[in-house]
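J.: Structure for the following, please:
(2 chains)
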Amino acid sequence: MSRLGTLGARLYNGEVGYDFVAKRKLWYGISILITITAIVGLAVRGLNMGIEFEGGAVFTTPKTTASVSHAQEAATEASGHEAIVQKLGNGSLRIQVAELDTQQADRVKQDLADDLDVPAEKINAELVGPSWGAQIANKAWTGLAVFMILVVLYLAIAFEWRMALAALIALIHDLTITVGVYSLVGFEVTPGTVIGLLTILGYSLYDTVVVFDGLKEGARGITKQTRWTYSEIANRSLNATLVRSINTTVVALLPVAGLLFIGGGVLGAGMLNDISLSLFVGLAAGAYSSIFIATPLVADFKERDPQMKALKKRVLAKRAKGEAADASDGDGVQAPADAVPAGAVVGQRKVSRSARKRS
Amino acid sequence: MAAPNRGRRPAGAQGKPGRALALILIVMVALTGGMFWAGQLTPRLGIDLAGGTTITLEAKSQPGKENAVNETNMKTAVGIIERRVNGLGVSEAEVQTQGDRNIIVNIPRGTDSETARKQVGTTAQLYFRPVLTVTGSGADTPETSPSPSASPGDKAEDGKDKAEDGEKAGEEKAGDKAGDTASSPSATPTATATTQGRAVTDALKKDETPSPDASASGDAKSSESPKPSEPASPKPSEKPTSDADAIAKLQDRFAKLDCTDEKVRSTLGDGVKPADYALACGEQDGVWLKYILGPAEVEGKDVDDAQGVFDQTRGIWLVQMEFTDNGSKKFQTITGRLSQQPSPQNQFAIVLDGQVASAPQVNTTLSASAEITGSFDQDSAKELGNILSYGALPLSFEEQSVTTVTAALGGDQLRAGLIAGAIGLALVVIYLLVYYRGLSLIAILSLMASAVLTYTIMSLLGPGIGFALNLPAVCGAIVAIGITADSFIVYFERIRDEIREGRTLRPAVERAWPRARRTILVSDFVSFLAAAVLFIVTVGKVQGFAFTLGLTTLLDVVVVFLFTKPIMTILARKKFFANGHPWSGLDPKRLGVKPPLRRSRRTAPATVDPKEA
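T.: Here you go, the predicted structure:
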């Protein structure tokens, strides 16, 4: 940890760093690849929608000695539909029957109780009509759309439209990846998953906002200097906030991991598991995207700005001049000092500080 | 973030860290006190944690009444369902709207959820329709019997048949009444009716008879009562023919109608408009009767109030109804007409959800208030009263989901949630301890403050706004640990950045604050926005989650502003932190402050810059 601590210091001081921004094409490529995989997976395999979306019933028995196959037979016979039975960690059975309407379900529950020799009132039942899932899904889509519009507006005001756009792309990226993982792995999609997915919205942005905030500050007064281009400053800010970003992600993931462990390991299945699983995947994707996607995107957008283009020109011209000067009189005081270990990151810290001072 | 801003704000904040702390302590004490005062020491648990049944209903708009699903109607429906469910003796059942077209009914464990569910599900539209024909359904089929029908010639033959069948059925069931009522005025008397106007059912007669099977509804009578007999009838000659036509038209279906089949019954009312003639079933003493009914003349909403009461003088249970002004007029019209009919045709059916709940006979013109007598017992009287007063749901509903959680599973889930929360919290605390060392003390204290606020507010919101902690809400709270801790991290990292810039702790704390504050506000706002949108837009379990997330995000801001920052300011004065003790988490060496190097670095760009500018 303490090593991480000093790493933080070195990152902050620009002594070390990683050039996230310059290698953006690579990250974009990776992300596009993942996204395509996710979309293909979605198109080919679809999502494994839970009972809540398809309509049907889930019965959970108390701890029982009845075997899975026995329960399956009993449920299939009672309902006339194929039943899926799972044995849960605590010895209880989870029996899913699709296409069962809420009226029939009572009867099936009773039959099951008789068959498995457990009291009917000890059986948990979740009965869902066929249109309920559609309603949840519709609402979720509406929520998603409303949230995206609001948040883009807000970020455009709090930061600027380019950052808002980049954040939005990163967000869509996270959601696509999460959905893709669900489709490829075949996890069941339940309302819990949807909750998790929708929470990613807030969280993924939380992370992005932390990074952008650093970026905005780092870029203050950027046009008044000619040492660094926007991309370089962006990278510098990214590295400076890296520890913060990693820490917030880790701290966000820890409780979710606790949930996942308990939800998945102890309870077997259910709401806790569903929420935490999608959150976990989404948060991980969110941490990746705010560093590797969102900030490079902002840099890309920014470099298209005439002002930034002009700045880049000036910077490059100056560097060329500097090199020429270096070559002629060997006065390399600035350059070597800056060009410490990790290549392109160099000592941009000075810039940001001087920029800050001027503002 | 303008420079002057940076200079100004911290000065104020630095000056009075004690005040902010005092404020939040007062708030915490007040909330805790309130919790004890309200006797609500734990948050109310939702159905999925405490056990019970949750029913989600969705309002379906009727063809032609697409606007019916609106806030007012939903509110009315909630009120009605609530009273009905609680009227069953289900205590603490909860009925709330969710989204714009859903109603959630929470029934705690220990109550008869089956019955409650039935009540909730069957609550639907209520209409008063004149009875045209009635007959038993099932074993004894009607057609054959000849009819003594009292009504004159315009009655359709079928009508007559039916009437007769009806009587027959009635006889079979209850003995002699059918005949009695049909021919004799004797039915009315018992009612003591005439004096104040009441609808008297033949059931009343049953009451008098020792017959064990008591029923509120007129069993046997049938046949419509159009004009013939009734000179006063407001409606002229056209009606009889239309009744006859309608009966003729419905005859085939009527003949085939088997009311003993539940499926048939449940679909019977589908698509029938109030103005249509309708087929309907009604149960009486365990025997199903089938009816042909005229167009609805009074609606459920015309009933102002109704209740089952015990009449001391007569020693019987009866149902009293009060009509609204508008309803009185309509009721007057219908009873005026029906009461003129020969008695087999003088019934009106109280139709609930396509099913005849009761079909009392009318013996006199009635208006604003009426009572229905019969062989009610307490339950049946109350139930009919309930149906009459609350059955007038403005909307029809469809069951969307029914979740039954046993207490055992609920307990398991609660335990799992708490364990998960504890694990998550422990992991976060450990991480903070290792990484931030002494600083983590502040973070942990802040987390505790946040936890106290969240817990007390949740507890108080139970009685306050009916907030119930469900599993998604527990998840939300656990996830919120991360969000809350993130704010501290943002601030701590800022302070460290300032120290790396070469500042000593106290100025660093103050300078870092405005920037950290900004980041925290922006990111918390985004979080809160997500929670608010989720809460407003979504339905079902998502809402509980969104609520907790939103609440904890708000509390995070409160805690960071009123607790973390002031504590930080105060602790910055302590030697342990100010001198950068290795375990304080603020050790300049560890943070990579290299004063000499730093100075040279600082000057370098400074000299460069002017040249460039």
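
J.: tell me the contacts of residue B:417?
T.: A:262, A:272, B:49, B:471, B:474, B:475, B:478 (C-beta atoms under 8 Å, 6 or more residues apart in numbering or on different chains). For the C-beta atoms, the positions are set from N, CA and C on the backbone; glycine is no exception.

J.: Try it again at 6 Å.
T.: Residue B:417 sits next to residue B:474 when contact means C-beta atoms under 6 Å, 6 or more residues apart in numbering or on different chains.

J.: list the buried ones in stretch B:28-35?
T.: Neighbour-count burial for stretch B:28-35 flags B:31, B:32, B:35 (criterion: 16 or more other C-beta atoms under 10 Å in any protein chain shown).

J.: Identify all contacting residues around it.
T.: B:452, B:456, B:459, B:460.

J.: repeat for stretch A:184-200
T.: A:41, A:47-50, A:52, A:136, A:140, A:174, A:271, A:274-275, A:278-279, A:282, B:472, B:534, B:540-542, B:545.

J.: Show me chain B divided up by domain.
T.: Structurally, chain B divides into domains by automatic domain parsing as follows: B:3-44+B:407-599, B:52-118, B:125-385.

J.: where among those is the average confidence lowest?
T.: For these, mean pLDDT drops lowest on domain B:125-385, to a mean of 60.

J.: where does the stretch 201-350 of chain A have low pLDDT?
T.: For the stretch 201-350 of chain A, the stretches flagged by pLDDT under 70 are A:263-270, A:325-350.

J.: same thing but at 80, please
T.: A:201-204, A:206-207, A:210, A:218-228, A:240, A:261-275, A:308, A:319, A:321-350 (pLDDT under 80).

J.: host element of the residue nearest to residue B:450 when sequence neighbours are not counted?
T.: Leaving aside its sequence neighbours, residue B:450 sits nearest to residue B:559 (C-beta to C-beta, 6 or more residues apart in numbering or on different chains; 4.7 Å). Following DSSP states H and E, the helix or strand that holds residue B:559 is helix B:541-559.

J.: SS state for the residue in the stretch 251-400 of chain B positioned nearest to chain A?
T.: Here the stretch 251-400 of chain B gets closest to chain A at one residue, residue B:400, 4.0 Å apart by C-beta to the nearest C-beta. Recorded secondary structure, residue B:400: strand (DSSP: H, G, I helix; E, B strand; the rest coil).

J.: OK, contacts around it?
T.: Contacts of residue B:400 by C-beta under 6 Å, 6+ apart are A:129, A:132, B:56, B:58.

J.: Could I get the pLDDT score of it?
T.: So, for residue B:400, pLDDT stands at 78.

J.: can you give me the angle the one helix or strand residue B:23 maps to makes with helix B:541-559?
T.: Per DSSP H and E, residue B:23 falls inside helix B:17-37. Angle of helix B:17-37 versus helix B:541-559, following axes from the mean of the first three to the mean of the last three C-alpha atoms, to 10 degrees, is 140 degrees.

J.: and the gap between residue B:255 and residue B:284?
T.: Using C-beta to C-beta, to the nearest Å, one gets 20 Å for the distance from residue B:255 to residue B:284.

J.: More neighbours: which of those two?
T.: More crowded of residue B:255 and residue B:284, by other C-beta atoms under 10 Å in any protein chain shown: residue B:284, with 25 against 15.

J.: one step back: residues near the residue nearest to residue B:450, how many?
T.: Residue B:559 is flanked by 26 other residues according to other C-beta under 10 Å.

J.: before we move on, what about residue B:451?
T.: 19.

J.: how much space between it and residue B:563?
T.: 12 Å.

J.: Please, which helix or strand holds the single nearest residue of the stretch 101-250 of chain A relative to chain B?
T.: Using C-beta to the nearest C-beta, residue A:202 is the residue of the stretch 101-250 of chain A that sits closest to chain B, at 3.2 Å. Taking DSSP H and E as the definition, residue A:202 sits inside helix A:191-218.
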